[in-house]
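1. 3D, please:
(chains A and B)
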Amino acid sequence: MKHVISPLDLTTTELDEVLTLAEDIIADPKKYSNVCHGKKIATLFYEPSTRTRLSFEAAMLNLGGSVLGFSSADSSSAAKGESVADTIRVISSYADICAMRHPKEGAPLVAAKYSKIPVINAGDGGHNHPTQTLTDLLTIKNLKGRLDNLTIGLCGDLKFGRTVHSLINAMVRYPNIKFVMISPDELRIPNYIREEVLTDHNIPFKEVNVLEEVMPELDILYMTRVQKERFFNEEDYIRLKDSFILDADKMQYAKDDMIVMHPLPRVNEIATEVDNDPRAVYFTQAKFGVYARMALIMKLLEVEEC
Amino acid sequence: MLNISGLNKGIVIDHIQAGGAMDIYHYLNLEKTECQVAIIKNAKSSKMGKKDMIKIEGSLNCDINVLAVLDPNISINIIENGKIVLKKNPELPLEVTNIIKCKNPRCITSVEQELPHTFKLTNPEKRIYRCIYCEQAFNRKHK
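-> Numbers count the residues shown, from 1 in each chain, chains lettered A, B, ... in the order given. Coordinates of the predicted model:
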């Protein structure tokens, strides 16, 4: 039984298999509409999330399975003080697979240690979000046609942005990837990623704080939100939240085939005027998320492919 | 000059970063031992400027390699019959459990009761240990 807690829990071979399966699902979703009949996914969301939870639920429903779960810690036994370890022991006998979102980092790993069913990390604090990474990789592969030879700009909150950390970890495994990191000084990428992931793997990267200057060199611009919930001090949040706003003016500096991605939800870091630009793919990216999760669920449940 | 008598049989934990002796004292639970223990703080050191030392008369039942996690520069002298019979620098263990605590307030260990605090050696050259749950590096300055 396999769990997916970190993006690195899938080898590049396994990753390729999931992405290939996802592309097959995109090509013919009806073919997969009943492959998980009789299977249940438990969505254990200790932290509010509309998109990720519904994406998991839509994925299982699209596969012909069913869903159960909760959408906040207040509506679970966590409010009574039940541990993650105890919750997953019980849920293991109710469902066939589970997706867990938790505000504390490492909670899904704790669940995996006690679980009898596959656990998928649906986001743990500012740490990891592997299915967002799968979504991102599927989007890049589908829209750029490759996962290598890319210059990727990461913009916004690179300190607490788990999607960024996970994406870097996943992309460094492909040849000729360069990163351009655009953030305020206070929200720069954590040292351990700079040193142990980028420097140690000889991955070219640079850190800047002016978006326009680097726009022309990017194949992908990955925007992120400055997340209010990650700050202990609201003053810091207010000071930093509008550091980078992508608008139509800045898009003029970009290549014609650059794509703008965003894990969503967007607040105001991308002006709505960018939405109609064909290079803005963040809503398509959300759609790819369902396919990526369908493929992952099938792989972890070892469901026979059609 | 402070004078502490030599040991007949025991352990000298030497080259402790100045100010760090009490941390090691607590980590080794020396307050619970029946052994005679001498803590020397801010001793002059040609190599370090100043250093701390702990002298323990008697045998100590613990994994001294764990001390390398707390202070990578320490050295251990084993004393038998008043003489040093073994000098060694502790080797870094690949994993330590419930020796150091994760101080990341966002880590699951901050709320989940009874969860062992486990750290893995992720970079032997730089002697970096990370919490297996949140991957936060152990910071020796903030124990």
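2. can we go C-alpha only for contacts and neighbour counts from here?
-> Fine.
3. okay, which residue is most central for chain B?
-> Nearest residue to the geometric centre of chain B (C-alpha atoms, centre = their mean): residue B:67, 3.0 Å.
4. what about the helix or strand where that one lies, average pLDDT?
-> Here residue B:67, judged by DSSP states H and E, is contained in helix B:67-70. In this model, helix B:67-70 carries a mean pLDDT of 84.
5. Can you list the neighbours in contact with the helix or strand bottoming out on mean pLDDT in chain B?
-> Using mean pLDDT, DSSP states H and E, helix B:67-70 stands out as the lowest-scoring helix or strand of chain B, at a mean of 84. By C-alpha atoms under 8 Å, 6 or more residues apart in numbering or on different chains, the residues outside helix B:67-70 that reach it are B:24, B:74, B:89-93, B:100, B:127, B:129, B:140.
6. for stretch A:127-141, same thing?
-> Here stretch A:127-141 has contacts from A:4-7, A:15, A:19, A:22-23, A:105-106, A:121-123, A:146-147, A:160-163, A:165-167, A:170, A:263, A:284-286, A:288-289, A:292-293, B:134, using C-alpha under 8 Å, 6+ apart.
7. repeat for stretch A:213-223
-> A:150-156, A:180, A:250-251, A:253-255, A:257-263, A:269-270.
8. Same question for stretch B:31-47.
-> Residues contacting stretch B:31-47 (C-alpha under 8 Å, 6+ apart): B:4, B:18-19, B:21, B:25, B:30, B:50-59.
9. 10 Å instead?
-> B:1-5, B:7, B:10-22, B:25-26, B:30, B:49-61 (C-alpha atoms under 10 Å, 6 or more residues apart in numbering or on different chains).
10. Report the buried residues of it.
-> B:37, B:40-43 (16 or more other C-alpha atoms under 10 Å in any protein chain shown).
11. which element is residue A:154 on?
-> Counting by DSSP H and E, residue A:154 is part of strand A:150-155.
12. cool, residue A:67 as well?
-> Assigned by DSSP H and E, residue A:67 falls in strand A:66-70.
13. ditto for residue B:11
-> Residue B:11 belongs to strand B:10-17, assigned by DSSP H and E.
14. Sheet partners, orientation included, of the helix or strand just after the least confident helix or strand of chain B?
-> Proceeding N to C from helix B:67-70, the next assigned helix or strand is strand B:75-80, under DSSP H and E. Strand B:75-80 pairs in its sheet with strand B:10-17 (antiparallel), strand B:83-88 (antiparallel), by DSSP bridges.
15. low pLDDT regions in the chain?
-> No chain was given, so I picked chain A. A:75, A:77, A:227-232, A:237, A:239-243, A:306 (pLDDT under 70).
16. try again with chain B
-> Judged by pLDDT under 70, the stretches of chain B that qualify are B:1-5, B:140-143.
17. redo that, cut-off 90
-> When residues are selected by pLDDT under 90, those of chain B lie in B:1-8, B:23-36, B:45-48, B:58-73, B:82, B:88-92, B:98-100, B:113-114, B:122-128, B:138-143.
18. residues in contact with the residue in chain B that chain A sits nearest to?
-> Nearest residue of chain B to chain A (C-alpha to the nearest C-alpha) works out as residue B:133 at 4.0 Å. Applying C-alpha under 10 Å, 6+ apart, one finds that residue B:133 lies in contact with A:104-110, A:124, A:127, B:102, B:107-109, B:117-119.
19. before we move on, what about residue A:207?
-> A:153-154, A:179-185, A:188-189.
20. And these, which of them are buried?
-> A:153-154, A:179-184, A:188-189.
21. tell me the phi and psi of residue B:47?
-> phi -80, psi -40 (degrees, to the nearest 10).
22. what do you get for residue A:190?
-> Torsion angles, degrees, to the nearest 10, at residue A:190: phi -60, psi 150.
23. Does the residue nearest to it when sequence neighbours are not counted fall in a helix, a strand, or a coil region?
-> When the adjacent residues along the chain are set aside, residue A:190 lies closest to residue A:159, with 5.6 Å between them (C-alpha to C-alpha, 6 or more residues apart in numbering or on different chains). What DSSP: H, G, I helix; E, B strand; the rest coil gives for residue A:159 is coil.
24. what phi and what psi does the backbone show at residue A:159?
-> Torsion angles, degrees, to the nearest 10, at residue A:159: phi -80, psi -50.
25. Can you give me the distance of it to chain B?
-> 13 Å (C-alpha to the nearest C-alpha, to the nearest Å).
26. in its sheet, what does the strand holding residue A:154 sit against?
-> For strand A:150-155, using DSSP bridges, the partner strands are strand A:177-182 (parallel), strand A:220-223 (parallel).
27. Redo those as TSV? Include distance to residue A:138.
-> TSV is the format used below for the strands paired with strand A:150-155 (distance: least, C-alpha to C-alpha, whole Å):
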stretch	distance to residue A:138
strand A:177-182	16
strand A:220-223	13
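28. that older thread, in helices only, show me the buried residues of stretch B:31-47.
-> With helices defined by DSSP state H, no entry of these lies inside them.
29. Closest one to residue A:89 out of those, please.
-> residue B:37 (46.1 Å; C-alpha to C-alpha).
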